[in-house]
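Participant: the sequence and its predicted three-dimensional model are supplied below.
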Amino acid sequence: MTQPFQLAACAEMLWRDRPIDWRASRLTEMGFGVGLWNWPDHDLAALERTGATFTIMNGYLEGRLADDEGADLLLASARETAKVGRRLGVHRLNLHGTGLGDGGIPIRQHEVETGPMWLKARDTLNRIADLGDEMGVTFTLENLNLLDHPGCPFGSTAAVLALVSAVDRPSLRINLDLYHTQIGEGDLIRWCEKCLPWIGEVQVADNPGRCEPGTGEINYAAVARALADMGYRGPVGMEAFAKGDDEAALEAFRAAFTL
């Protein structure tokens, strides 16, 4: 049995009655990297003391890709967050097509992405890549499904791939969230193949329920084999709730991605 991937899990979604630094420490003890969401919610000094490897966190607090005001807000927010990311040694800083509010609902919704919106989004992501080069960090753009995140511009897997491949710079990668791809498009293995040259991280949860692999319809063992066969050796993060026991959920995730 081999472990070809760098496994991590989102700390916010596990042991939700425990302090965040305890969760980071326990994930580290179990051999996992640690994913975070919004850094202002946490005691950064306490997280530093855990010695955890922080694999990914939200890379902005506000802003949007496709309009001038939103882009300026996004760049300022991303710069502030990149400083925190460097402090914690976070490997990737995650972005979406627009800021998300309560329950993950986009703050500004769009039913259609127009031509000018596409051009502006590409320009904004080039500026993000410039910032990544300047500060020595990597940003990722995540796909989101439109059932959970209605009206999110550039949320589809196809849109994220189109934008990141158009920019085509090492400081901007795809956060390929297969839970969202399953709901939005399906055909997971072929989407992995299409996105492969630009993947910065693969994130997983089963569907329905957004719990650990093995609790829903996705054959994650087959996905793991396919990823390994196509040469992927990067991070795989479980961004999922535990259906039952948290540690059992993590072991199910580990087993699905051990070949």
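Facilitator: Now that the structure is in, tell me what you want to look at.
Participant: tell me the phi and psi of the residue nearest the centre of the chain?
Facilitator: By Cα atoms, centre = their mean, the chain has its centre lying nearest to Asn175, at 4.6 Å. Phi and psi for Asn175, reported as degrees, to the nearest 10, are phi -100, psi 100.
Participant: bridging residues for it?
Facilitator: Beta bridges link Asn175 to Glu142, Glu201 when assigned by DSSP bridges.
Participant: my guess is it meets Leu144, correct?
Facilitator: No. Between Asn175 and Leu144 no contact is recorded; they are 10.1 Å apart, counting by Cβ atoms under 8 Å. Just so you know, the C-beta spots here come from the backbone N, C-alpha and C atoms, and that holds for glycine as well.
Participant: what strands flank the helix or strand where Leu7 lies, and is each parallel or antiparallel?
Facilitator: Assessed by DSSP states H and E, Leu7 sits inside strand 6-10. Here strand 6-10 is paired, per DSSP bridges, with strand 33-35 (parallel), strand 235-238 (parallel).
Participant: neighbouring contacts of stretch 79-86?
Facilitator: 39, 44, 57-61, 90, 93, 131-132, 135-137 (Cβ atoms under 8 Å, 6 or more residues apart in numbering).
Participant: what sits against the residue nearest to the centre of the chain?
Facilitator: Asn175 neighbours (Cβ under 8 Å, 6+ apart): Ile56, Arg92, Asn94, Thr140, Leu141, Glu142, Asn143, Gly200, Glu201, Gln203.
Participant: one more: Phe257?
Facilitator: By Cβ under 8 Å, 6+ apart, Phe257 lies in contact with Gln3, Phe5, Leu7, Pro213, Tyr220, Ala224, Val236.
Participant: please name the bridge partners of the third one.
Facilitator: Listed by DSSP bridges, the beta-bridge partners for Leu7 are Val236.
Participant: okay, it and Pro213: tell me how far apart.
Facilitator: 11 Å (Cβ to Cβ, to the nearest Å).
Participant: what about the closest residue to Leu172 other than its chain neighbours, which helix or strand?
Facilitator: Nearest non-adjacent residue to Leu172, counting by Cβ to Cβ, 6 or more residues apart in numbering: Ala129, 4.5 Å away. Applying DSSP H and E as the criterion places Ala129 in helix 115-135.
Participant: counting by contacts, list what that helix packs against.
Facilitator: With contacts defined as 3 or more Cβ pairs under 8 Å, 6 or more residues apart in numbering; DSSP states H and E, the packing partners of helix 115-135 are helix 68-88, strand 138-142, helix 157-167, strand 172-177.
Participant: between the ones you listed, which one is closest to Asp246.
Facilitator: Asp246 lies closest, by Cβ to Cβ, to one member of these: strand 172-177, at 20.4 Å.
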